Structure formats: C-alpha cells, structure tokens
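# Based on what follows, work out the 3D shape:
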Amino acid sequence: MKEIILILFLCSATNNTCLPPYQWPVMFNDPYECMLKGYAEAFKKTQEIGRNAVNNERVFIKFECLETNIIIPKKKPGLNL
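Next up, the predicted model:
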C-alpha cells in the first residue's frame with residue numbers, strides 16, 4: 001500500500017539555515033491531497049510568523065510530498081497448546 005508523506009521545511013534566507021524538517025502526522029492517499037495541505041499549511045504558518053519576521057529574516061516555507069510504501073505485518077500464528 002502506498003501513502004504520501006508531507007514534509008515541511010521552515011527556512012531563513014538571511015541566515016541560510018532551516019529548522020529540522022517536520023513530518024505532518026497524517027498521511028495522504030495521493031499527491032493532490034498532500035499538495036493542497038502543504039500549500040494551506042505554508043500559507044497559515046506564513047501568516048502566523050508575520051510580515052516583520054518574514055521580511056527581516058527572509059523566512060520561507062517549502063515542502064515535499066514523498067511516496068512511501070506502508071508494510072502491514074501479517075498476523076503471527078497462534079500457539080496451539
């Protein structure tokens with residue numbers, strides 16, 4: 001089964017650094033859903049950070065939607081005692 005993981009990066013162009021990546025706690029069924037959430041969260045976070053910090057520190061947010069395989073383990077056979 002394939003799922004899509006959203007990874008967000010909060011960076012400062014002034015300092016040429018990024019905070020450690022943040023993995024969104026919910027996985028997505030397809031890249032479209034992931035992209036919509038990534039843009040919505042980047043927009044929301046930009047507003048939270050505010051104009052001054054964005055302008056002074058040249059803050060920017062980028063994100064990736066990565067495909068991953070989810071491995072569901074098989075049930076272990078029970079002991080027949």
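# Can you give me the neighbour number for Q47?
Using other CB atoms under 10 Å, the number of residues around Q47 comes to 10. Every C-beta, even on glycine, is put in place using the N, C-alpha and C of the backbone.
# Now do the lengthiest helix in the chain: distance to the chain's middle.
What stands out as the longest helix in the chain, according to DSSP state H, is helix 31-49. Here the centre of helix 31-49 is set off from its chain's centre by 9 Å, with CA atoms, centre = their mean, to the nearest Å.
# Next: stretch 20-39.
Centre-to-centre, stretch 20-39 and its host chain are 5 Å apart (CA atoms, centre = their mean).
# what's the answer for stretch 14-24, then?
On CA atoms, centre = their mean, the centre of stretch 14-24 falls 11 Å from the chain's centre.
# what pLDDT, on average, does it get?
Stretch 14-24 shows a mean pLDDT of 95.
# Could you list everything E67 pairs with in the sheet?
Taking DSSP bridges as the rule, E67 bridges to I4.
# and C18, what is it in contact with?
F9, L10, C11, S12 (CB atoms under 8 Å, 6 or more residues apart in numbering).
# Show me what L8 is bridged to.
Y22, F63.
# so it touches Y22, yeah?
Yes: contact criterion CB atoms under 8 Å: L8 and Y22 qualify, at 4.7 Å.
# higher neighbour count, the two?
Neighbour count, other CB under 10 Å: between L8 and Y22, L8 has more, with 18 against 14.
# residue contacts, that one?
L8 touches P21, Y22, W24, G38, E41, A42, K45, I61, K62, F63, counting by CB under 8 Å, 6+ apart.
# Could you check how many residues crowd around the first one?
The burial count assigned to P21 is 12, neighbours taken as other CB under 10 Å.
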